[in-house]
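Participant: got a predicted model here, sequence first, then my questions.
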Amino acid sequence: MKRVDLYQKVWSIPMTKLAAELGISAVGLAKACRRHAVPVPPRGYWAKLKAGQRPVQIPLPTPELDVPVQFATQDPEELARQRRVEEQRRKALQDLAPLVPDLPPLGFASDLAGAHPLVKATQRYCDTIPRLIERWERSRFDARSSSKREEWPPIAQHGRYSLIRRGCLDITASLASMDWILRFHATVLGGLARGGMTILRKETPPEPGAGMPAECAIEARFKGEVLALRFSEGYKRIRLTPQEFAARKKEKSWADEYEMRPSGNFTFTLKGTEHAASREWKGTAEKLQGQVDEIVRTIFQMACLQPQFRSERKTREEAARIAAELEARRRSQRQARSEQLKQAFLMMDEDARVRQLQDFLQRLEARAQSLRKPLNERVTTWIGVVREELSLRDPVSERLEQCLTVPSWGRWPPAWWPDGLSLGEEE
């Protein structure tokens with residue numbers, strides 16, 4: 001795994017789940033991120049995301065240093081488990097080979113004739129974007145607030161537009177690159193459709209009163225499995241020429257000599273319902289164009305392998321649940337045994353106090369004869385009452401009985417009882 005890939009993953013899935021997917025501990029994953037200067041989501045990030053907020057994602061420093069990331073693990077059992085998983089996946093892919101369509105090489109689309117309806121719908125919307133932007137910039141603020149959402153231009157960031165309009169593809173890119181991007185999608189979606197995969201757009205309505213647009217995803221469905229497709233263009237920080245900077249200063253006195261612009265590097269993302277079925281392809285238009293056959297083939301393979309990934313995840317989760325229950329039981333046993341030691345010391349102290357009391361009563365009984373009447377008779381009676389009460393209520397026996405029984409809501413044996421030993425239940 002490369003450094004940029006790791007960055008993308010830790011910001012798309014909680015680290016505990018990602019660590020389980022990678023077969024390492026969460027601590028090991030955090031150490032790997034620190035070693036490679038990969039920022040991780042702060043505490044509360046996923047809760048804010050779930051609540052509909054948009055927390056800030058910390059950018060990756062020096063993304064050009066895309067070095068391989070090595071996850072250190074010396075556990076022989078873990079290494080053996082990883083080898084077994086890889087072998088199982090290879091075997092599953094061989095067994096599922098007949099299900100993967102054998103498509104001829106794809107020719108990259110030169111136009112959008114015969115393209116998927118989603119591609120054509122996106123093209124029609126992109127043709128309207130310049131007009132929407134111009135109208136929006138010329139409109140007054142009060143007119144903007146009363147306009148319909150369909151009249152709003154798409155969200156812009158660093159020269160790229162997010163196509164959130166109903167019926168469009170899930171694309172974030174510049175208009176200058178849109179012609180090639182749409183032809184790329186026409187090629188990929190066309191290959192998927194020829195192989196029997198259904199491509200559709202799924203919309204999740206926003207929460208009432210949220211004021212946010214509907215969440216959308218482009219889904220590829222094959223043999224009951226669902227994969228999401230997304231495309232985005234990156235951006236880069238460039239320095240303006242002296243002429244550009246001078247013109248910008250005339251427009252805005254606080255203008256900066258640097259500007260964020262679309263980079264011309266693209267990312268095509270495949271995201272399965274199982275994290276192991278997710279893939280990413282990154283690069284220039286030329287590089288991605290040469291990978292269309294691999295992309296289509298991989299999407300079909302991931303759809304066929306996703307049930308295997310799901311089974312592996314459930315097996316790991318069950319093993320983790322059993323291990324967590326065992327650890328919780330051990331922790332409870334350690335705490336219970338520590339409590340028994342504390343109770344034993346208390347019993348020892350109480351036993352010593354009982355013995356001291358008995359010795360004291362004997363000495364007091366011997367002194368009673370020397371007391372004047374009626375005190376000698378009264379002290380003898382008092383000693384008898386104390387001894388009778390002591391015989392009825394032995395503090396040591398009471399505490400010991402508490403240790404050797406469980407409360408009415410509990411069940412024998414208690415947590416401190418040794419594993420594998422006879423339960424010692426009452427007859």
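Facilitator: Received it, and whenever you're ready, just let me know what you need.

Participant: longest helix anywhere in this structure?
Facilitator: The longest helix of the chain (DSSP state H) is helix 292-368.

Participant: now that one: average pLDDT?
Facilitator: What helix 292-368 shows for mean pLDDT is 90.

Participant: using PDB, write out every CA atom in the following helix or strand past it.
Facilitator: Sequence-wise, the next helix or strand downstream of helix 292-368 (DSSP states H and E) is helix 375-392. Taking C-alpha atoms only, helix 375-392 is exported to PDB below (Å, rounded to 0.1, in the frame of the first residue of the first chain):
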ATOM      1  CA  LEU A 375     -21.400  -3.900  90.000                       C
ATOM      2  CA  ASN A 376     -19.900  -7.400  90.200                       C
ATOM      3  CA  GLU A 377     -23.300  -8.900  89.400                       C
ATOM      4  CA  ARG A 378     -24.000  -6.500  86.600                       C
ATOM      5  CA  VAL A 379     -20.700  -7.000  84.900                       C
ATOM      6  CA  THR A 380     -21.100 -10.700  85.000                       C
ATOM      7  CA  THR A 381     -24.500 -10.300  83.300                       C
ATOM      8  CA  TRP A 382     -23.100  -7.900  80.700                       C
ATOM      9  CA  ILE A 383     -20.300 -10.300  79.900                       C
ATOM     10  CA  GLY A 384     -22.900 -13.000  79.300                       C
ATOM     11  CA  VAL A 385     -24.900 -10.800  77.000                       C
ATOM     12  CA  VAL A 386     -21.800 -10.000  74.900                       C
ATOM     13  CA  ARG A 387     -20.700 -13.600  74.700                       C
ATOM     14  CA  GLU A 388     -24.200 -14.600  73.600                       C
ATOM     15  CA  GLU A 389     -24.300 -12.000  70.900                       C
ATOM     16  CA  LEU A 390     -20.900 -13.000  69.800                       C
ATOM     17  CA  SER A 391     -22.000 -16.600  69.400                       C
ATOM     18  CA  LEU A 392     -25.100 -15.500  67.400                       C
END
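
Participant: counting contacts, what elements does helix 375-392 pack onto?
Facilitator: On a contact count with 3 or more CB pairs under 8 Å, 6 or more residues apart in numbering; DSSP states H and E, helix 375-392 meets helix 292-368. Bear in mind the C-beta positions are built from the backbone N, C-alpha and C, glycine included.

Participant: give me the distance between the helix it packs on and the centre of its chain.
Facilitator: In terms of CA atoms, centre = their mean, to the nearest Å, the centre of helix 292-368 is found 26 Å from the chain centre.

Participant: compute the inter-axis angle for it and helix 375-392.
Facilitator: 150 degrees (axes from the mean of the first three to the mean of the last three CA atoms, to 10 degrees).

Participant: dump stretch 237-249 to PDB, keeping only the CA atoms.
Facilitator: Extracted C-alpha coordinates of stretch 237-249, given in PDB (Å, rounded to 0.1, in the frame of the first residue of the first chain):
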ATOM      1  CA  ARG A 237      -1.100  25.300  -5.500                       C
ATOM      2  CA  ILE A 238       0.500  27.400  -8.200                       C
ATOM      3  CA  ARG A 239       2.100  30.800  -8.100                       C
ATOM      4  CA  LEU A 240       0.600  33.500 -10.300                       C
ATOM      5  CA  THR A 241       2.600  35.300 -12.900                       C
ATOM      6  CA  PRO A 242       3.500  38.900 -12.200                       C
ATOM      7  CA  GLN A 243       0.900  40.000 -14.700                       C
ATOM      8  CA  GLU A 244      -1.800  37.800 -13.200                       C
ATOM      9  CA  PHE A 245      -1.000  38.900  -9.700                       C
ATOM     10  CA  ALA A 246      -1.100  42.600 -10.700                       C
ATOM     11  CA  ALA A 247      -4.500  42.100 -12.300                       C
ATOM     12  CA  ARG A 248      -5.700  40.300  -9.200                       C
ATOM     13  CA  LYS A 249      -4.500  43.100  -7.000                       C
END
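
Participant: buried residues in that stretch?
Facilitator: For stretch 237-249, the neighbour count (16 or more other CB atoms under 10 Å) marks 240, 248 as buried.

Participant: now it, how far from the centre of its chain.
Facilitator: Put simply, stretch 237-249 sits 42 Å off its chain's centre (CA atoms, centre = their mean).

Participant: same check on stretch 177-192?
Facilitator: Counting by CA atoms, centre = their mean, stretch 177-192 comes out at 31 Å from the chain centroid.

Participant: in that stretch, what's buried?
Facilitator: 177-178, 180-192.

Participant: inside helices: which ones of these?
Facilitator: Per DSSP H, the subset of the buried residues of stretch 177-192 in helices is 178, 180-192.

Participant: which one among those residues gets closest to P39?
Facilitator: Comparing these against P39 with CB to CB places I181 closest, at 28.4 Å.

Participant: what sits against that closest one?
Facilitator: Shown in contact with I181 (CB atoms under 8 Å, 6 or more residues apart in numbering): 171, 173, 231, 233, 266.

Participant: show me where the chain has strands.
Facilitator: 155-157, 160-162, 171-173, 198-204, 215-222, 225-239, 258-272, 279-283 (DSSP state E).

Participant: just name the most buried of those.
Facilitator: For the strands of the chain, the largest average neighbour count (mean count of other CB atoms under 10 Å) is found in strand 171-173, namely a mean of 23.

Participant: now that one: average pLDDT?
Facilitator: 93.

Participant: for stretch 227-238, same thing?
Facilitator: 92.

Participant: hmm, L341 and Q335 touching each other?
Facilitator: No. Between Q335 and L341 there is no contact under CB atoms under 8 Å: 11.0 Å.

Participant: so which of the strands of the chain comes closest to F309?
Facilitator: strand 258-272 (7.3 Å).
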